[in-house]
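J.: structure of the sequence below:
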Amino acid sequence: MVQNFLACELEASTLSSTQTSKGQTGDREALRVLIIGSRSGVMGTIQTLHRLRFAEVREWSPLLPGPNPGEVMSILTRYTSMA
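T.: Model prediction:
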């Protein structure tokens, strides 16, 4: 199930074709934040992080099935300089 999630994430991402297999693009590194839990828990955490100005709601992936029954997950990808 996690492999399916990662495949969906890679297809949906807007990374350039120069990305390496380690999630690096030139001088930037992709960092991912993953939230797993109940639907209401995940959505509530995304809303809280939005109110804290951590990330826009639209930046998170759509809810996907989680690793356990009744769970969902969402991922946020951020890029940081590799200085």
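J.: now do the same for residue 74: its pLDDT.
T.: Residue 74 is assigned 98 on the pLDDT scale.
J.: so where's the protein uncertain?
T.: 1-25 (pLDDT under 70).
J.: and with 50 instead?
T.: 1-21 (pLDDT under 50).
J.: going along the chain, name the helices of it.
T.: Shown for the chain, the helices assigned by DSSP state H span residues 2-12, 39-51.
J.: packing partners of the last one?
T.: Think helix 39-51. The contact analysis (3 or more Cβ pairs under 8 Å, 6 or more residues apart in numbering; DSSP states H and E) places helix 39-51 against strand 28-37, strand 72-81. From N, CA and C alone the C-beta is placed, and that goes for glycine too.
J.: may I see those strands arranged in TSV, with distance to residue 46 as well?
T.: Formatted as TSV, the helices and strands packed on helix 39-51 follow (distance: least, Cβ to Cβ, whole Å):
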stretch	distance to residue 46
strand 28-37	7
strand 72-81	6
